[in-house]
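S.K.: Kindly return the folded structure for what I paste below:
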Amino acid sequence: MVKKILIAVDDQAPDSCFVGKGIELANQLDAVIGLIDVARLSIGFVETGMYTVELEDYDRKRAVKTVEEIKQQFPGIKFTEFEEVGEPVEEINTIVNEWKPDLLVIGHHKHALLQRMFDNSKERRIINTLNIPVMVVPCG
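M.R.: Residues are numbered from 1 along each chain as shown. I've put the predicted structure just below:
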């Protein structure tokens, strides 16, 4: 039985293309909804004058903004929020192990056939490493 659904968003799909599907499913199942956008750690680009701390702070702000935009798109929906920094697949795995959701919902942008054939996408790595079902919703 699905009691917790984790929805993972990122800066590539911050719109409601798949978040709405996750919320719809959660409402049908009377499940709690978790929302995560992982801010990425960065090695920095010293030669361009950008340092790790600046890039990490920028991505933290981006992640918070994305989550806030989603909350505004879906007023009245109560989300359990997670603010993680690191490599997205690893951090999602950590949340799955700690919060114990029954399902992960992610979006996937449609790409050209050649790119899909050679791409080691986050979506593929998530599907291959998690021990819970993953619902992948195609986005534009």
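
S.K.: List the buried residues for the longest helix anywhere in the chain?
M.R.: Ranked by number of residues, the top helix in the chain under DSSP state H is helix 52-73. Neighbour counts over helix 52-73 (16 or more other C-beta atoms under 10 Å) mark 55, 56, 59, 60, 62, 63, 66, 67, 70 as buried. For the C-beta atoms, the positions are set from N, CA and C on the backbone; glycine is no exception.

S.K.: same question, stretch 20-34
M.R.: Using 16+ other C-beta under 10 Å as the test for burial, stretch 20-34 gives 20, 21, 22, 23, 25, 26, 31, 32, 33, 34.

S.K.: average pLDDT for that stretch?
M.R.: The pLDDT scores in stretch 20-34 average 96.

S.K.: and if you look at stretch 63-72?
M.R.: Mean pLDDT, computed over stretch 63-72, is 90.

S.K.: Could I get the full set of helices for the protein?
M.R.: Per DSSP H, the chain carries helices over the ranges 19-29, 52-73, 88-99, 113-118, 122-129.

S.K.: Residue 135: which of the ones you listed is closest?
M.R.: If you check each of the helices of the chain against residue 135 by C-beta to C-beta, helix 19-29 wins as the nearest, at 7.3 Å.

S.K.: Between helix 52-73 and the closest one, find me the angle.
M.R.: For helix 19-29 against helix 52-73, the angle by axes from the mean of the first three to the mean of the last three C-alpha atoms, to 10 degrees is 60 degrees.
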